[in-house]
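A.B. asks: After the sequence you'll find the predicted model.
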Amino acid sequence: MTRTIFNNPNLPRSKSPHSNAVRIGNLIFVSGFPGYDDNVQIPKGDFAAQMRLALKHVKATLEYAGSSIDKIGKVNIYLDRRADFDQMNEIYQEFFGTDPSGWPARTTVEARLPRPDFLLEIDCVAEV
């Protein structure tokens, strides 16, 4: 199968060696996004801002690759603090709606993240 790399030039990029997304067949694998702002800075201590930015970047990546959040099959969310779980669910519904019939599968875990200011990271798999 052909493998296609997507790097949206309009998104902030860290120096980490990875692509925004890779398409193989009819699936798009989106790399984990922390809550970077447009200057590749993290809103320190602001979970809501980081969550919204990460979801905004996931959405923009999918659209750049020819898909959309409506076509996501699976989302993985990595939280630095378990205490952010309820707020994460509220913001998640801003993007995915409140109707359970439209929600993708999801795994949420508490995890040590690679940078001290990261409060979360989100990745997903979607269809084209």
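C.D. replies: Perfect, thanks for sending it.

A.B. asks: what bits of the chain have low per-residue confidence?
C.D. replies: Counting by pLDDT under 70, the chain contains no low-confidence residues.

A.B. asks: can you tell me the helix or strand for the residue positioned nearest the centre of the chain?
C.D. replies: By CA atoms, centre = their mean, the chain has its centre lying nearest to residue 122, at 3.5 Å. Assigned by DSSP states H and E, residue 122 belongs to strand 120-127.

A.B. asks: now swap in residue 107 and tell me
C.D. replies: Applying DSSP H and E as the criterion places residue 107 in strand 105-110.

A.B. asks: same deal with residue 88?
C.D. replies: Per DSSP H and E, residue 88 falls inside helix 85-96.

A.B. asks: Would you map the helices across the protein?
C.D. replies: Ranges of helices within the chain are 47-64, 85-96, based on DSSP state H.

A.B. asks: winner for burial among these?
C.D. replies: Compared across the helices of the chain, helix 47-64 shows the largest average neighbour count, a mean of 20 (mean count of other CB atoms under 10 Å). C-beta here means a position set from N, CA and C on the backbone, and glycine is covered the same way.

A.B. asks: Alpha carbons of it, in PDB - could you do that?
C.D. replies: Extracted C-alpha coordinates of helix 47-64, given in PDB (Å, rounded to 0.1, in the frame of the first residue of the first chain):
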ATOM      1  CA  PHE A  47      -5.700  22.700  30.800                       C
ATOM      2  CA  ALA A  48      -8.700  24.100  28.900                       C
ATOM      3  CA  ALA A  49      -6.500  26.100  26.500                       C
ATOM      4  CA  GLN A  50      -4.200  23.100  25.800                       C
ATOM      5  CA  MET A  51      -7.100  20.800  25.200                       C
ATOM      6  CA  ARG A  52      -8.800  23.100  22.800                       C
ATOM      7  CA  LEU A  53      -5.600  23.800  20.900                       C
ATOM      8  CA  ALA A  54      -4.700  20.100  20.600                       C
ATOM      9  CA  LEU A  55      -8.200  19.300  19.300                       C
ATOM     10  CA  LYS A  56      -8.000  22.200  16.900                       C
ATOM     11  CA  HIS A  57      -4.700  20.800  15.500                       C
ATOM     12  CA  VAL A  58      -6.100  17.300  15.200                       C
ATOM     13  CA  LYS A  59      -9.100  18.700  13.300                       C
ATOM     14  CA  ALA A  60      -6.800  20.800  11.000                       C
ATOM     15  CA  THR A  61      -4.500  17.900  10.300                       C
ATOM     16  CA  LEU A  62      -7.400  15.600   9.400                       C
ATOM     17  CA  GLU A  63      -8.900  18.300   7.000                       C
ATOM     18  CA  TYR A  64      -5.500  18.900   5.400                       C
END
